[in-house]
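K.L.:
Here is my input; please provide its structure:
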Amino acid sequence: MITVEVIERLREQMRAGGGEKAHARQAEQGKWSARKRVDYLLDDPREAIEIGLFAGYELYEEPCPAGGVVVKIGKVQGVPCVIVANDATVKAGAWYPIAAKKNLRAQEIAMQNGIPILYLVDSAGVYLPMQDEVFPDKEHFGRIFRNNAVMSAMGIPQYAAIMGPCVAGGAYLPIMSDEAIIVEKTGSVFLAGPYLVKAAIGEETDAETLGGARTHSQISGVTDYQARNDQEALDILKKLVAQTQRRSTFQWQRQVPKPPRLSSERLLELLPSDPTRPYDTYAVIEALVDEGSFTEYKAGYGKTLITGYAHIEGWPIGIVANQRTVVKSGRGEMQFGGVIYSDSADKAARFILNCNQKQIPILFLQDVTGFMVGTRSEQGGIIKDGAKMVNAVANSVVPKYTVVVGNSYGAGNYAMCGRAYDPRLMLAWPTARIAVMGGTQAAQTLLQTYKRGRNLSFEEEQRLLSEIREKYERQLSPFYAAARLWVDELVLPQETRMYISLMIEAAQWGYEPRPFPVGVIQT
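P.N.:
Below you'll find the model as predicted:
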């Protein structure tokens, strides 16, 4: 199990960005760091949540802390906002592939919840050595500007502060926002910088004349506000956000928040270090929800899934949680880490329908190895019942949130609202493991495939098994998932309540109840 100490140490490493020298150079230019800018905007930085802190971790040959972008969700002037800030201490804020993916995820969160998004722009543009992984494809750099246009049509407020260079295609991001602020001397916007202008048309110019604050605020009219420094730009941004009006009148009935019956600080203690051993999921739920609020749905049916209603920090929530079980058979005791049976899938589908009927958000607690296999299960219609559950998850219209508590394997990942099923927030705990299957199962399966037509010695088989298992174990790490943004954040379990509470509150900003179109569900 990954320890709290390891996570905290790596968090500090990611927050340090490009290091002390890079921060010193930025300060010499009169510029604040990306994190100082974000925290200055927030009403209370302690009540904000971060997205993608581990993005880019060990992903490239060169370090790319937090993907070179800081993304936080929190209140600005009482308004829940997504804040995106380029970190110019990391390769001058250049857009790595993971930076583009992280920005797209930030925009997706703003669209899902209908909340404002604030861009603090300070970037040298696309990271040219990796342009083929950043520039041309559907989910690459250009999608960001497409989203600018789509969000504008949706009525989602977008504000930008140009606090450093903003070059080439990247110039469209702030200018396609509703309103743009530019900082004197440090902020600049142009489609081609001075060197490229000289190469292209032979004109001698400098950055300030070409696209500085005076040029765009007093001559071109490209920007809307001119600020003397970072602080003034952020103060203007705060005033703009304060004028933003809420788009929805809907709100969930929030009860008086209560602490959990079991302290959230004990959550890691409740989970075994061995990912195959059973534990009490009910205790985990009691350490997450407000004391006395959990009401179980169909408690005696489909027992490998726990479903029920509760409150988190006073907000109503439906819970779908895997339950690790021990099954005794003719082969002795068998560990089934959250296997989904036909009755469990049927129960979950019905419960999801109920939550949609009542407009109650849903929290999925994943610890699943997949659907039950074997002749008996197939003849019992496990595929049909599994499809019913997947259909309900896919078409659910209420806000969905997912926490990977333990295993997240195969089709179980999908049925329990994995990344492909649009949870508005997806978190992983230090005990999380995400893959198509476990390392041991994968090694045995691949070995059988590799052995066809080959005579392998015992030593060769063991070496191959070890290589496959080691590769899978590395890829099962929650750091591996967080680095690639398969999850929004790797959090300590005791932080989960704050994340969920803030996101439910943010969801009210643009939420409108609508029908639940389930399509074809076989009964």
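K.L.:
Sketch out the low-pLDDT regions of the stretch 301-450 of the chain for me.
P.N.:
Where the stretch 301-450 of the chain drops to pLDDT under 70, the residues are 325-337, 372-374, 377-381, 439-440, 442-443.
K.L.:
element containing Y60, please.
P.N.:
Counting by DSSP states H and E, there is no helix or strand that carries Y60.
K.L.:
Number the residues from 51 up from this point.
P.N.:
Done: numbering now begins at 51, and the last item shifts to Y110.
K.L.:
Burial check on it, number of neighbours?
P.N.:
Y110 has 15 neighbouring residues, counting by other CB atoms under 10 Å. For glycine as for every other residue, the C-beta is placed from the backbone atoms N, C-alpha and C.
K.L.:
again with the one 3 residues further on
P.N.:
P113 has 17 neighbours, counted by other CB under 10 Å.
K.L.:
Three-state assignment for it, please.
P.N.:
Using DSSP: H, G, I helix; E, B strand; the rest coil, the structure places P113 in coil.
K.L.:
so where do the strands sit in the stretch 351-500 of the chain?
P.N.:
355-362, 365-372, 375-379, 382-386, 412-418, 450-459, 475-478, 483-485 (DSSP state E, counting those that start in this stretch).
K.L.:
The fifth one pairs with which strands, parallel or anti?
P.N.:
In this case it means strand 412-418. The pairing partners recorded for strand 412-418 under DSSP bridges are strand 365-372 (parallel), strand 450-459 (parallel).
K.L.:
which stretches of the stretch 51-200 of the chain form strands?
P.N.:
Going by DSSP E, counting those that start in this stretch, the stretch 51-200 of the chain shows strands at 99-101, 119-126, 129-136, 167-173.
K.L.:
Test my guess that F344 contacts I356.
P.N.:
No. Applying CB atoms under 8 Å, one finds F344 not in contact with I356, separated by 9.4 Å.
K.L.:
list residues touching both of these two?
P.N.:
Common contact partners of F344 and I356 (CB atoms under 8 Å, 6 or more residues apart in numbering): 335, 369.
K.L.:
Of those two, which one has the most company?
P.N.:
A count of neighbours by other CB under 10 Å puts I356 above the other of F344 and I356, at 25 against 20.
K.L.:
So what sits opposite the more buried one in the bridge?
P.N.:
Listed beta-bridge partners, I356: A371 (assigned using DSSP bridges).
K.L.:
what sits against it?
P.N.:
For I356, the contacting residues are 331-332, 335, 346, 369-373, by CB under 8 Å, 6+ apart.
K.L.:
quick one on the thing from earlier: identify, out of the strands paired with strand 412-418, the most deeply packed stretch.
P.N.:
Across the strands paired with strand 412-418, the average number of neighbours (mean count of other CB atoms under 10 Å) peaks for strand 450-459, which reaches a mean of 27.
K.L.:
Restricting to C-alpha, output that one in CSV.
P.N.:
C-alpha atoms of strand 450-459 as CSV (Å, rounded to 0.1, in the frame of the first residue of the first chain):
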residue,chain,number,x,y,z
LYS,A,450,-22.2,10.9,-11.0
TYR,A,451,-19.0,10.7,-8.9
THR,A,452,-16.6,7.8,-8.8
VAL,A,453,-14.0,6.8,-6.2
VAL,A,454,-11.6,3.9,-7.0
VAL,A,455,-11.2,2.4,-3.5
GLY,A,456,-9.5,-0.8,-4.5
ASN,A,457,-9.5,-2.9,-7.7
SER,A,458,-11.0,-1.5,-10.9
TYR,A,459,-10.8,-4.3,-13.5
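K.L.:
Report all helices and strands that the helix ranked longest in the chain contacts.
P.N.:
Criterion DSSP state H: the longest helix present in the chain is helix 508-526. Secondary-structure packing of helix 508-526 (3 or more CB pairs under 8 Å, 6 or more residues apart in numbering; DSSP states H and E): strand 483-485, helix 489-501.
K.L.:
can you count the residues close to the closest residue to E158 other than its chain neighbours?
P.N.:
In this structure, E158 finds its nearest non-sequential neighbour in N197, 7.9 Å apart by CB to CB, 6 or more residues apart in numbering. By the criterion of other CB under 10 Å, N197 has 23 neighbours.
K.L.:
got the contact list for N197?
P.N.:
With the criterion set at CB under 8 Å, 6+ apart, N197 makes contact with 154, 157-158, 161.
K.L.:
ok so, going back, could I get the strands of the stretch 351-500 of the chain as JSON lines with distance to E112?
P.N.:
Below are the strands of the stretch 351-500 of the chain laid out as JSON lines (distance: least, CB to CB, whole Å):
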{"stretch": "strand 355-362", "distance to E112": "40"}
{"stretch": "strand 365-372", "distance to E112": "38"}
{"stretch": "strand 375-379", "distance to E112": "45"}
{"stretch": "strand 382-386", "distance to E112": "42"}
{"stretch": "strand 412-418", "distance to E112": "33"}
{"stretch": "strand 450-459", "distance to E112": "28"}
{"stretch": "strand 475-478", "distance to E112": "25"}
{"stretch": "strand 483-485", "distance to E112": "25"}
